[in-house]
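# Sequence and predicted structure are below.
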Amino acid sequence: MVGPTLIDIREHIDGLGTKGGQYYVRCGRTGDRPVPAAGTRFPDRATARAAARATEQYRSALRRYDPQVPYYDLIVCEEPPLGSTKGHRHDSMTERDEYTLSEPVITKTPTPGHSDLVEFCHRVAGAVFETLSESGYDDIETAVMDAYFELAENVGGPDELCLCLLKSITAELHERLSPADQAEVLTDAAARLKPPTDETNPLDATLDTLEQRGVIESYTGSPDSVDLDTGAEAVVVQISGYALSAQNDRLPVLPVTLELCRHHTDHPPQSIQVTTGDGGWQLMFGLADTGDQNGIVSAPIDGEV
């Protein structure tokens, strides 16, 4: 994309924030606090307005990939410090007109409780699209959006639409790139995401993140003793409630692989195989560098390559 990347804009907004800030950005009509400014506080009104402008820039860029990203009428609000008796103060309509940044909000918004999943999907999609764009894979970008629009015609809500976007990316990467090129794209995309701040076991940290974001409901079979740096040839994990459904006897695993690459950049999985289990999927991560990469974005089910 031309101009600042999605990652640049997000980092700019993070840099404007402060823990003790009393100002935040929200939609004046719905009360929603949109990504990527959600959860961030700012030291003064001017800084918060700059964050609001950057938020709209970010969301406008994201609509290039997902036209259903909601429009918000962004305003800046002040919240008194804890212990203050001062009531909540919001901007007047006169003030708000100076920095209303978008069209009226559309009626469809993510289902309450699913905002983490929607944000995660957009983070993954944004990182992959940035990589495809800078790597010269314009044809894949176009193919992804064509496939996405076709799927989106039969989808009713933004929660499902963001999953359709990931499915479209997965399908096109699987069909159009060799496993080695797929691995290169995912490694590059993972490097564009915020690096982990702890030294937790990479596999456990990956699965914990996927569970927290609503990509999976639960997981088992990830022993604490497994260290991906010890030379283990394979690790088996059972997951349930996976948000992405199987397609053509393959399971889209792009978000799993990308998150694992984010936590373990030096040694991404070489292959992933999937078998059906009780109420979920069993994933076997091949870690040994055998030169035979397979299934890192779309994994074969029950060994059907």
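Yep, it's here. In this text the structure is predicted, and so the values were computed from the model without any measurement. Numbers count the residues shown, from 1 in each chain.

# now the helices: where do they sit in the stretch 151-300 of the chain?
In the stretch 151-300 of the chain, the helices defined using DSSP state H, counting those that start in this stretch lie at 158-176, 179-192, 202-212, 254-263.

# what does the last one contact?
Contact with helix 254-263 is made by 120-121, 124, 127-128, 166, 169-170, 173, 186-187, 189-190, 193, 195-196, 200, 202-203, 205-206, 209-210, 215, 244, 268-269, 272, 283, 285, 296-298, as judged by Cβ atoms under 8 Å, 6 or more residues apart in numbering. Placement of C-beta: from N, CA and C, glycine included.

# likewise stretch 118-137?
1, 5-7, 35, 38, 62, 65-66, 69, 110, 138, 140-141, 158-159, 162-163, 165-166, 169, 173, 176-177, 185-186, 188-190, 192-193, 213-215, 254-255, 258.

# Please, a ChimeraX command that selects the buried ones among these?
Selection of buried members from the contacts of stretch 118-137 for ChimeraX, criterion 16 or more other Cβ atoms under 10 Å:
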select :5,6,7,35,62,65,66,69,110,140,141,158,159,162,163,165,166,169,173,177,185,186,188,189,190,192,193,213,214,215,254,255,258
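
# Hmm, Ala37 and Ile9 touching each other?
No - applying Cβ atoms under 8 Å, one finds Ile9 not in contact with Ala37, separated by 10.3 Å.

# Overlap in contacts, the two.
With Cβ under 8 Å, 6+ apart as the test, Ile9 and Ala37 both reach Ala54.

# and these two? which has more neighbours close in?
Comparing Ile9 with Ala37 by other Cβ atoms under 10 Å, the one with more neighbours is Ala37, at 26 against 21.

# That one touches Val25, doesn't it?
Yes - counting by Cβ under 8 Å, Ala37 does reach Val25; the two are 4.3 Å apart.

# how does the protein divide into domains?
Using automatic domain parsing, the domain parsing of the chain gives 6-97, 115-300.

# check contacts around Met145.
Per Cβ under 8 Å, 6+ apart, neighbours of Met145: 65, 168.

# ok, back up a step: need the residues touching each of Ala37 and Val25.
Common contacts of Ala37 and Val25 (Cβ under 8 Å, 6+ apart): 51-52, 55.

# any idea which of the domains of the chain scores lowest on pLDDT?
Of all these, the minimum mean pLDDT falls on domain 6-97 (a mean of 78).

# can you give me how far it is from the chain middle?
Chain-centre distance of domain 6-97: 19 Å, with Cα atoms, centre = their mean, to the nearest Å.

# Next: stretch 182-192.
14 Å.

# So which residues make contact with that stretch?
By Cβ under 8 Å, 6+ apart, stretch 182-192 touches 5, 7, 124, 127-128, 130-132, 135, 137, 173-174, 177, 254, 257-259, 261-262, 265, 268, 293, 296-297.

# ok, now with 7 Å
7, 127-128, 130-132, 135, 173, 177, 257-258, 261-262, 265, 268, 293, 296-297 (Cβ atoms under 7 Å, 6 or more residues apart in numbering).

# Restricted to buried residues, select those residues in PyMOL.
Typed into PyMOL, the line below selects the buried ones among the contacts of stretch 182-192, using 16+ other Cβ under 10 Å:
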select buried, resi 7+127+128+130+131+132+173+177+257+258+261+262+268+293+296+297
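
# re earlier: which ones among the shared contacts of Ala37 and Val25 map onto helices?
51-52, 55 (DSSP state H).

# Make CSV out of these and add neighbour count.
Formatted as CSV, these follow (neighbours: other Cβ atoms under 10 Å):
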residue, neighbour count
Ala51, 27
Ala52, 26
Thr55, 25
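
# Same list (these) but as TSV, adding distance to Ile75.
Formatted as TSV, these follow (distance: Cβ to Cβ, whole Å):
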residue	distance to Ile75
Ala51	12
Ala52	7
Thr55	11
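
# what's the closest of the residues you listed to Ala147?
Thr55 (28.4 Å; Cβ to Cβ).

# ok, for that closest one, nearest residue in space, not its chain neighbours?
What sits nearest to Thr55 in space, not counting adjacent residues and going by Cβ to Cβ, 6 or more residues apart in numbering, is Ala37, at 4.5 Å.

# what about the one you found, distance to Arg29?
In this view, Ala37 and Arg29 are 16 Å apart by Cβ to Cβ, to the nearest Å.
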